[in-house]
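Enquirer: need a structure here:
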Amino acid sequence: MLDEYIDNIKDEIINTTCELIQIPSVHEESSNPNKPFGNNANLALEYMLNLGDKLGFRTKNIDGYCGYIEFGEGKELVGIIGHLDVVPEGEGWSYPPFDAVIENGKIYGRGAIDDKGPVVASLYAMKAVLDTCKINKRVRLILGLNEERDWKCIEHYKQKEEIPSIGFSPDADFPCIYAEKALLSICLSAFLDTNMPISILSIDDANNAINVVPKFCKVLIKIDKNKYSINDVITNINALIDENHFDILVKLNSDETIEIVSNGISAHAAHPDLGKNAISPMIILLNKIYEKYNLTNPLLNFFSNYIGTQTDGKNLGLNFPDESGNLTLNVAKACIENGNLKISMNLRIPVHTKIDKVKEIFKKHTQSSNISCEFFGEKKALYISKDNELVTTLCNIFNEKTNSNEKPIAIGGATYARAFPNHISFGANMPNNTDMCHQKDEYISVDNLILSSKIYAEAIYRLAK
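Expert: Modelled structure (predicted):
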């Protein structure tokens, strides 16, 4: 009955997904208290709440920070927690990232899989249950607007609204997620002497997000012509690039600054091995240039010795594998600010490793090197036993709907599931599918969008009946 209902509204689900993708809800700085995350994020929220009203649900805008769509009666509240904000579109797309192009059975667009497609699938799953089933609990789709940055939206929700007693977040992978690694971001900084004969003037990371593998990094350096020949320096830089097989280009600008550009491939920070980091080889190259000319900077040197191009932090002694996998490290940002060189990275820490242990290791390695270490973006791990009833119920629903025998998994991503007790992540990326989250040409297949809605409908019914 639920499956048939969703098949009958397939076109509506597709059209709604496309219309939502077409709202470029990337975070914007805002002074408007009613639109704290910018106009486009607010437009996405209003679009969903207006749709919820039309579909017969109760809706609420919570001070512009987030909102919800709800149905049902009863004391208990089942939560579905998704988000409408997206990371910046990036470059190199085959299709305009906010056009929602449908090609070869796929909907292409920023947010298609993270998290707009799954949110729409969840909403129409709620509609299917509302119109065809009897339940005795309330079901609430909570819509965040700041998931990709600071989670201020969900923190505001927790201060103002009722906490669901059970539920899921449609913002990861099927069959379901029983463990999510802890998160920690770190900013390392050190004084940068700009009076050297080879001076680093600027570092541009294209405003890369902390949770994205950077695909671009540009550096400008200035040469003291009284000490070195600019052409000789460029020749030496190119030799270092060739020697280390870096994807880096060098050119001389008209103002006689040397421009160095590193190219990479973006990916989600939870899977840094799926991308190609543009910042890491650039920092290593800068250190090698300094070494070539007998110059030094403590942060460049530290980075080359302990971080390098690795994504596992093993050179720092950050090797704590457990059932959730290895620690991963994504070098995400680099800049020069107030006379300091700054490098920021995002770590995903195995669930049974304490965050403080990682902090102590960084402090130990930096305290004697005139490198300051600032920690931010800390989020504790989520861990629920594989035998937990919520885990087994959702996993069984997926296997029943897909005629498969998948087991619960652990991930490095952070979802809203960890914001509430007794919640886990549940879809919508299918097993063995490439995770297109935060990547160029992000998409969700039409078949998987509809299948996800059917899976969510069954899950909502079982959790709320």
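
Enquirer: alpha carbons only for contacts and neighbour counts from here, please
Expert: Will do.

Enquirer: what sits up against stretch 197-210?
Expert: Identification of contacts with stretch 197-210 by Cα atoms under 8 Å, 6 or more residues apart in numbering yields 87, 149, 185, 193-194, 214, 216-224, 227-228, 269, 279, 290, 332-336, 344-346.

Enquirer: for stretch 254-263, same thing?
Expert: So stretch 254-263 is contacted by 215-223, 234, 246-253, 277-279, 281-282 (Cα under 8 Å, 6+ apart).

Enquirer: just the helices in the stretch 51-200 of the chain please.
Expert: Using DSSP state H, counting those that start in this stretch, the helices of the stretch 51-200 of the chain run over residues 117-132, 152-160.

Enquirer: restricted to strands, list the contacts of stretch 254-263.
Expert: Among the contacts of stretch 254-263, the members falling in strands are 216-223, 248-252 (criterion: DSSP state E).

Enquirer: from the residues you listed, which single one is nearest Pro118?
Expert: Phe216 (29.3 Å; Cα to Cα).

Enquirer: how near is that closest one to Ile279?
Expert: Computed as Cα to Cα, to the nearest Å, the Phe216 to Ile279 distance reads 7 Å.

Enquirer: give me the more crowded residue out of the two.
Expert: A side-by-side neighbour count of Phe216 and Ile279, using other Cα atoms under 10 Å, places Ile279 first with 30 against 24.

Enquirer: other SSEs contacting the longest helix that the chain contains?
Expert: Secondary structure of the chain per DSSP state H: the longest helix is helix 446-464. If you count contacts as 3 or more Cα pairs under 8 Å, 6 or more residues apart in numbering; DSSP states H and E, helix 446-464 packs onto helix 2-8, helix 10-21, strand 77-83, helix 117-132, strand 138-144, helix 389-402, strand 428-429.

Enquirer: show me the contacts for Ser94.
Expert: With contacts defined as Cα under 8 Å, 6+ apart, Ser94 is in contact with Asp441.

Enquirer: what comes up buried for stretch 430-440?
Expert: Neighbour-count burial for stretch 430-440 flags Met430, Asp435, Met436, Cys437, His438, Gln439, Lys440 (criterion: 16 or more other Cα atoms under 10 Å).

Enquirer: Asp447: which of the helices and strands packed on helix 446-464 is closest?
Expert: Closest to Asp447 of the helices and strands packed on helix 446-464, according to Cα to Cα: helix 10-21, at 9.7 Å.

Enquirer: tell me the angle that closest one makes with helix 446-464.
Expert: If you take axes from the mean of the first three to the mean of the last three Cα atoms, to 10 degrees, helix 10-21 sits at 100 degrees to helix 446-464.

Enquirer: re the thing from before, now render the helices and strands packed on helix 446-464 as TSV, adding mean neighbour count, mean pLDDT and distance to Asp99.
Expert: Listed next are the helices and strands packed on helix 446-464 as TSV, based on neighbours: other Cα atoms under 10 Å; pLDDT from 0 to 100; distance: least, Cα to Cα, whole Å:
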stretch	mean neighbour count	mean pLDDT	distance to Asp99
helix 2-8	16	98	25
helix 10-21	20	98	7
strand 77-83	27	98	19
helix 117-132	25	98	14
strand 138-144	25	98	22
helix 389-402	19	98	30
strand 428-429	28	96	21
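
Enquirer: so which of these is nearest Ala100?
Expert: Closest among these, using Cα to Cα: helix 10-21, at 5.1 Å.

Enquirer: now do that closest one: everything it contacts.
Expert: Here helix 10-21 has contacts from 44, 47, 98-101, 107, 109-112, 116-117, 120-121, 124, 446, 450, using Cα under 8 Å, 6+ apart.

Enquirer: can you redo the helices and strands packed on helix 446-464 as a markdown table with distance to Pro298?
Expert: Shown next, in a markdown table, are these (distance: least, Cα to Cα, whole Å):
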| stretch | distance to Pro298 |
| --- | --- |
| helix 2-8 | 59 |
| helix 10-21 | 44 |
| strand 77-83 | 40 |
| helix 117-132 | 45 |
| strand 138-144 | 40 |
| helix 389-402 | 47 |
| strand 428-429 | 42 |
